[in-house]
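no FASTA, just this:
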DNA sequence: CCTTCATGTTTACATCCGTAGTCGATTACG
DNA sequence: CGTAATCGACTACGGATGTAAACATGAAGG
């Protein structure tokens, strides 16, 4: 019984940049991914290809043959990735308490008025 | 022009465990740190010593000689570490919007009722 | 058909991280 | 005074990560 479920492996920061391109639009060829991310990060095509391979190995990305080449698509949703990373942070730093994170950000003046308003609105929404 | 300011370097997960011990109580000897963290992580004393050295090299920890040995103390406050990591997450995943993070946690059902109540109370507090 | 281009695969290599053993010096105990 | 225990420094080593070149193979064009 192989591990067929996606994403037990961790996605690194460089890899995330590649994922972002695929989350924004997919499927894409390796070249299209490179066009999307390489300039901003100063990468060569070779680097992008390596990252794509690793993501495929990690089952975070899947490939579909398209003639000679591959089309790449995300296997993990951005939402799930974001949830995982967020929870990890909350666990590691705030003992699992999301409110702890919020209190911390407030204390650190890391919340803009806009943030506060949006959070307040969100709370009101949740209360319904 | 040396870099005398603390913590430009990143603190890894294992290193954070050591920092937690020092944040909880300091200064501590290497042995005391080991007693605090090694059992829970299944580490040997050698491992803790290595992590301490790296933290000293990263200027996240400072030493004070105490006879033959050293007393270790944090040079970076836990609050600052938490702020840095939190901001990094918000930037990397939510385009810098803390409200985006909260919206996300709400959507992912990662907010308990307790969290919601506490956040609400905090908001009220901040509004004063 | 043969050469060239595109594209995935393999290999490379420096650095970081997790984990730990060994060495050398110093202190403390018998 | 000499030997054992202590403690920091140095060394080690496999895996992950960042970054990229070399290679193989198949397609496309002349």
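Perfect, thanks for sending it. In this text the structure is predicted, and so the values were computed from the model without any measurement.

can you count the residues close to residue A:107?
By the criterion of other Cβ atoms under 10 Å in any protein chain shown, residue A:107 has 13 neighbours. Bear in mind the C-beta positions are built from the backbone N, C-alpha and C, glycine included.

For it, give me its contacts.
Contacts for residue A:107 were tallied using Cβ atoms under 8 Å, 6 or more residues apart in numbering or on different chains; they are residue B:79.

Quick one: the strands in chain A, in order.
Assigned by DSSP state E, the strands in chain A fall at A:61-66, A:69-74.

Now the last one: buried residues?
Residues of strand A:69-74 classed as buried: A:70-72, A:74 (neighbour count, 16 or more other Cβ atoms under 10 Å in any protein chain shown).

Distance to DNA strand C and pLDDT added to these, as CSV?
Output for the buried residues of strand A:69-74, formatted as CSV (distance: Cβ to the nearest atom of the strand, whole Å; pLDDT from 0 to 100):
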residue, distance to DNA strand C, pLDDT
A:70, 4, 96
A:71, 7, 97
A:72, 8, 98
A:74, 16, 98
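
still on that earlier bit, redo the strands of chain A as CSV? Include distance to DNA strand D.
Formatted as CSV, the strands of chain A follow (distance: least, Cβ to the nearest atom of the strand, whole Å):
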stretch, distance to DNA strand D
strand A:61-66, 10
strand A:69-74, 9
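
Turn the ones you listed into JSON lines, columns for distance to residue A:93.
Listed next are these as JSON lines, based on distance: least, Cβ to Cβ, whole Å:
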{"stretch": "strand A:61-66", "distance to residue A:93": "29"}
{"stretch": "strand A:69-74", "distance to residue A:93": "27"}
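
Please spell out which residues along the helix ranked longest in chain A are buried.
In chain A, taking DSSP state H as the definition, the longest helix is helix A:78-94. By neighbour count on 16+ other Cβ under 10 Å, the buried set for helix A:78-94 is A:81-83, A:85-86, A:89-90, A:93-94.

Distance-wise, check residue A:77 relative to DNA strand C.
Noted for residue A:77: a distance of 23 Å to DNA strand C, by Cβ to the nearest atom of the strand, to the nearest Å.

ok, residue A:115 touching residue B:99?
Yes - between residue A:115 and residue B:99 there is a contact under Cβ atoms under 8 Å: 4.4 Å.

which residues sit against the helix or strand of chain A with the lowest mean pLDDT?
Least confident helix or strand of chain A, by mean pLDDT, DSSP states H and E, is helix A:113-127 with a mean of 94. Residues outside helix A:113-127 that contact it (Cβ under 8 Å, 6+ apart): A:102, A:111, B:97-99, B:102-103, B:106, B:111, B:116, B:119-120, B:123, B:126.
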